[in-house]
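> I'll drop the sequence and a predicted model, then ask my questions.
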Amino acid sequence: MNNVNINSSLNDLEQDGFVEIINIGLSKAADALSMIIKERVLIKCIEVMSPLEVFNEMGNDSIKLVTDLKGDVEGSCYFVISESEADYLTRKTVSANSEPGKFELNELNKGFLLELDNIISAAVITQLADIMKLNVFGDVPRIEPGISQEEMDQMLVKFSPLFFKTQFRTEEATFNPGFYWFLKPSVIADLKGVINNNINSK
């Protein structure tokens, strides 16, 4: 992992441009989530991360929601949320009578989390697809155990990383799930080109 080029070689200006693009998609996801939990939700991208930072911050209680990318782009989107964050969101919706702090990954909660991933990941994927003028869509999401260092190392051999941390804010809580994207190097190069064109046109 130490030999991986951090942040897929995005420089500071490119990272700022990427965050701006992602935040457009996340704002749409926030509107949809607000309707589901009947409470105002703000979601924004707060920082781009390196693979080493991701692995060091990820706890053993993380839940990994995976969406494989289809169409013109090959790769996978990992939306990683802690059990405590999942507990809060499910109690606001499908598990309102559950006891706080005792999260259970039952079928009801799994269904909600998969729908949550579908809403948020689809919004971001659609935004990237639109700006890059590509036909990209997400496959049916699935839940997998947390990412191990071995798994991440294997993914980084084939794909380039594009990892970012988000901030969810509601009336009662603030928490920071992560998005860990593994994309073909050619896609990263195209994305850098789009971002730099936008920067130069301003």
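Okay, I see it. Numbers count the residues shown, from 1 in each chain.
> Poorly predicted segments of this structure, please.
1-8, 51-52, 54-60, 101, 146-147, 202 (pLDDT under 70).
> Spatially central residue in it, please.
Phe179 (2.6 Å; CA atoms, centre = their mean).
> hey, what's the closest residue in space to that one that isn't next to it in sequence bridged with?
Sequence neighbours aside, Phe164 is the residue nearest to Phe179 in space, at 5.3 Å (criterion: CB to CB, 6 or more residues apart in numbering). C-beta here means a position set from N, CA and C on the backbone, and glycine is covered the same way. Phe164 has these beta-bridge partners by DSSP bridges: Val48, Phe179.
> what's the residue nearest to the centre of the chain in contact with, if anything?
Phe179 sits next to Cys45, Cys77, Tyr78, Phe79, Val80, Ser121, Val124, Phe163, Phe164, Lys165, Thr166 when contact means CB atoms under 8 Å, 6 or more residues apart in numbering.
> can you rerun that using 7 Å?
Phe179 makes contacts with Cys77, Phe79, Phe163, Phe164, Thr166, as judged by CB atoms under 7 Å, 6 or more residues apart in numbering.
> circling back to that earlier point, okay, now the residue nearest to Phe179: neighbour count?
Neighbour count for Phe164, taken as other CB atoms under 10 Å: 21.
> Please tell me how far the residue nearest to the centre of the chain sits from Ser201.
Taking CB to CB, to the nearest Å as the measure, Phe179 falls 26 Å from Ser201.
> Then Lys92?
41 Å.
> Tell me which of those two has more neighbours.
Higher neighbour count among Lys92 and Ser201: Lys92, with 19 against 6, using other CB under 10 Å.
> Find the nearest non-adjacent residue to that one, please.
Ile37 (4.4 Å).
> how close does that neighbour get to Tyr180?
Separation of Ile37 from Tyr180 (CB to CB): 24 Å.
> My read is that Ile119 contacts Ala30, right?
No. Under the criterion of CB atoms under 7 Å, Ile119 makes no contact with Ala30, lying 9.6 Å away.
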